[in-house]
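**Student:** give me coordinates for this.
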Amino acid sequence: MASPFALLMAFCVCCVCVGVSGVVAPALNHSRLVLLDTFATHYAPRWVVSRNPRYQGKWEWAVPTELVGVEDHGLLMAEPTQHYAIARAIDGGLFPNGRSLVLQYEVKFQSYMSCGGAYIKLLPSNTKLSSMSLETNFIIMFGPDLCEGTDKVHFIYRQHDQPSNRWLERRLTNPSRVINDKRTHLYTLIVHPDNSFQILVDLKRVRKGSLLTDFTPPLPEQTEIDDPTDIPPPNSEAFIADPHSHQPAEWEPEYIEDPAVTKPSDWVNRPKLIPNLQADPHTWADGSPPMVPNPDCETLPCGAWKAPLVQNPSHKKWTPPLIPNPNYQGWTPRRIPNPLLSPANFTPMGAVGMEVWSVPGNVLLDNFLFGYEVSAAREFALATWAVKYNQEHEKDPDKDRYQAYTEPSHAYTLVNDFAEDHTLAYMCLLFVLMVMPTCGCLCYCCGDVMMDLEDYPTDTIPDNTTTTTTNSKEGFTPTPRRLQTLPRSSNGKEKRTKPTRQRPGRGQDDAEE
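**Tutor:** Residues are numbered from 1 along each chain as shown. All right, here's what the predicted structure looks like:
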């Protein structure tokens with residue numbers, strides 16, 4: 001029968017063999033994706049460059065020029081030290097509605113990034129693409145940002161608070177750092193319906209957490225709010241204006257005609273509408289020609305002259321007094337779950353845009369993928385980014401510092417995810433599977449070597465106490481005492497006797513008893 005240690009070693013070897021075996025990406029099914037832009041054709045007119053004068057950066061449809069693995073076209077920030085802004089519509093919109101949301105795209109810093117960003121923004125459906133700017137509202141912001149004092153992979157989301165009609169912004173705490181080299185890196189954001197999220201860089205998880213607890217400022221504690229769509233019925237107000245009260249006689253309106261302005265002497269009361277005598281008489285209604293706008297009104301004033309209004313200095317605000325509503329029936333607005341506590345139900349997103357600053361420029365973006373299927377995004381990445389990355393690895397002069405990408409097996413991924421999600425349980429399991437069997441094997445193998453003290457093969461036991469003989473000139477020389485011979489039993493083993501103890505205050509006779 002094999003020992004437990006041998007079985008454990010065989011198990012470990014099998015795990016290693018499974019972990020290094022690659023996985024071939026299956027055929028892609030693009031129907032599971034909402035947006036897939038590989039830039040196989042020119043980015044225009046799909047992508048609309050901002051007309052805001054602040055953004056002068058030039059966009060180009062180009063192939064990579066540094067560490068060329070695959071000559072695949074992408075969207076290039078071509079000029080250094082410029083602001084860039086561009087956007088495109090998402091056909092059909094992007095709204096998870098209980099499904100997992102996946103955002104994925106590639107970034108290649110062809111010049112080492114000294115200061116700049118390459119993050120994307122998911123925009124509301126009513127966004128005007130040609131006006132993309134820093135002030136443009138967004139729902140999700142995700143991607144790398146690297147500059148002095150900033151080195152992070154952003155993840156920011158915004159929620160619309162209906163009671164206050166304001167947009168609330170929450171930022172990820174402890175974001176991961178940016179990889180700053182000339183290789184193509186893949187950034188993936190996955191948000192699940194249970195409000196959990198994952199951030200992957202090059203298909204490796206670098207951050208995970210919850211939309212409820214890992215963002216600042218924190219979410220409100222109120223679990224229910226008044227339904228803003230619940231319309232109050234009649235007589236739902238406890239107090240109403242007194243119908244018998246009248247406006248005081250001295251009350252004056254808030255605005256009056258400006259007394260300092262008089263009617264111009266050359267004012268002509270031109271009509272705003274004139275009859276269209278050129279219209280077909282058969283189309284006249286009641287025998288009268290149709291009326292059309294007066295063309296003179298485009299350059300000259302028309303209509304009766306009216307003095308401009310100004311604030312009335314004698315105005316005194318008056319409001320009728322309130323009295324109890326005799327028909328009051330009472331009403332409480334309907335309560336609904338607080339939508340802010342379900343951040344994964346993002347506001348519908350109808351466009352994606354970029355609004356960034358880049359000092360070195362030469363940043364290439366490619367393979368934008370948005371959808372609801374995590375496996376489809378991974379399959380696409382294995383068929384595109386992984387091939388590109390490994391070819392760049394072969395041409396990198398510093399490739400010894402990095403590793404080419406190899407797809408781990410499903411079993412390895414499950415074990416790795418379990419170790420990250422349940423660290424304590426994983427350590428306990430590791431202790432049970434490795435430490436305890438190892439200790440058991442050591443005890444089993446070394447058990448025959450350990451000998452009982454009763455089987456000591458000598459007839460005598462040395463007495464470690466010594467006496468000394470002192471010489472006046474040479475110092476002292478230790479002299480061992482005589483060895484005590486132990487009696488033997490009938491089977492040949494040494495017979496040991498328990499030494500007698502003498503309690504304090506008792507004599508020798510009592511001790512012998």
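**Student:** identify the residues contacting the residue lying closest to residue 371 once chain neighbours are set aside.
**Tutor:** Excluding the flanking residues, the one nearest residue 371 by Cβ to Cβ, 6 or more residues apart in numbering is residue 33, at 3.9 Å. The C-beta positions use only the backbone N, C-alpha and C, and glycine is treated the same way. Applying Cβ atoms under 8 Å, 6 or more residues apart in numbering to residue 33 gives the contacts 369-371, 373, 376-377, 380.
**Student:** what sits against residue 193?
**Tutor:** With contact taken as Cβ under 8 Å, 6+ apart, residue 193 is in contact with 96, 98-100, 344.
**Student:** tell me the one of the residues you listed nearest residue 274?
**Tutor:** Compare each of the contacts of residue 193 with residue 274 using Cβ to Cβ and the shortest gap goes to residue 96, at 57.0 Å.
**Student:** helices of the stretch 301-450 of the chain, start to end?
**Tutor:** 374-383, 385-395, 410-421, 423-430, 436-446 (DSSP state H, counting those that start in this stretch).
**Student:** could you give the average pLDDT over stretch 142-153?
**Tutor:** Throughout stretch 142-153, pLDDT has a mean value of 94.
**Student:** can you give me the buried ones in it?
**Tutor:** 142-146, 152-153 (16 or more other Cβ atoms under 10 Å).
**Student:** which members of those residues are the farthest-apart pair?
**Tutor:** Using Cβ to Cβ, the pair of those lying farthest apart is 142 and 146, separated by 14.7 Å.
**Student:** burial count for the residue lying closest to residue 38 once chain neighbours are set aside?
**Tutor:** In space, not counting the residues next to it along the chain, residue 38 is nearest to residue 367; the distance is 5.5 Å by Cβ to Cβ, 6+ apart. Residue 367 is surrounded by 20 other residues when neighbours are defined as other Cβ atoms under 10 Å.
**Student:** ok, residue 367 - contacts?
**Tutor:** By Cβ under 8 Å, 6+ apart, the contact list for residue 367 reads 36-39, 74, 104-106, 380, 384-385.
**Student:** in helices only, show me those.
**Tutor:** With DSSP state H as the criterion, helices contain 380, 385 from among these.
**Student:** PyMOL command to pick out the buried ones of the contacts of residue 367?
**Tutor:** Taking 16+ other Cβ under 10 Å as the burial criterion, the selection of buried members of the contacts of residue 367 in PyMOL is written as:
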select buried, resi 36+37+39+74+104+105+106+380+384+385
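**Student:** relative to residue 264, which of the contacts of residue 367 is nearest.
**Tutor:** The shortest approach to residue 264 among the contacts of residue 367 belongs to residue 37, at 60.5 Å (Cβ to Cβ).
**Student:** is it true that that closest one touches residue 370?
**Tutor:** No. With contact defined as Cβ atoms under 8 Å, residue 37 does not count as touching residue 370 (9.2 Å).
**Student:** re earlier: by neighbour count, which of the contacts of residue 193 wins?
**Tutor:** Across these, neighbour numbers were computed from other Cβ under 10 Å; residue 344 holds the maximum, 21 neighbours.
**Student:** what separates that one from residue 164, distance-wise?
**Tutor:** 21 Å (Cβ to Cβ, to the nearest Å).
**Student:** got it, and residue 116?
**Tutor:** Taken as Cβ to Cβ, the spacing of residue 116 relative to residue 164 amounts to 35 Å.
**Student:** between these two, who's got more neighbours?
**Tutor:** A side-by-side neighbour count of residue 116 and residue 164, using other Cβ under 10 Å, places residue 116 first with 23 against 8.
**Student:** which residues touch the more buried one?
**Tutor:** Taking Cβ under 8 Å, 6+ apart as the contact definition, residue 116 lies against 145-147, 356-361, 363.
**Student:** now for residue 204, how many residues are close by?
**Tutor:** Neighbour count for residue 204, taken as other Cβ under 10 Å: 11.
**Student:** can you pull up the bridge partners for the residue nearest the centre of the chain?
**Tutor:** If you average the C-alpha coordinates of the chain and look for the closest C-alpha using Cα atoms, centre = their mean, you land on residue 155, 4.4 Å from that point. With DSSP bridges as the criterion, residue 155 is bridged to residue 142.
**Student:** can I assume it is in contact with residue 189?
**Tutor:** Yes. Taking Cβ under 8 Å as the contact criterion, residue 155 and residue 189 are neighbours in contact, 6.5 Å apart.
**Student:** what do these two both touch?
**Tutor:** Counting by Cβ under 8 Å, 6+ apart, the shared contacts of residue 155 and residue 189 are 140, 142, 197, 199.
**Student:** just the strands in the stretch 251-400 of the chain please.
**Tutor:** Using DSSP state E, counting those that start in this stretch, the strands found in the stretch 251-400 of the chain span residues 255-257, 273-275, 291-293, 309-311, 322-324, 335-337, 349-358, 363-371.
**Student:** now the ones you listed in TSV, with mean pLDDT and distance to residue 44?
**Tutor:** Below are the strands of the stretch 251-400 of the chain laid out as TSV (pLDDT from 0 to 100; distance: least, Cβ to Cβ, whole Å):
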stretch	mean pLDDT	distance to residue 44
strand 255-257	86	51
strand 273-275	86	45
strand 291-293	87	39
strand 309-311	88	50
strand 322-324	92	62
strand 335-337	92	44
strand 349-358	96	15
strand 363-371	96	15
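**Student:** could you dump those strands into TSV and include distance to residue 435?
**Tutor:** As requested, the strands of the stretch 251-400 of the chain are arranged in TSV below (distance: least, Cβ to Cβ, whole Å):
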stretch	distance to residue 435
strand 255-257	87
strand 273-275	96
strand 291-293	92
strand 309-311	86
strand 322-324	78
strand 335-337	48
strand 349-358	50
strand 363-371	44
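**Student:** wait, which of these is closest to residue 210?
**Tutor:** strand 335-337 (17.5 Å).
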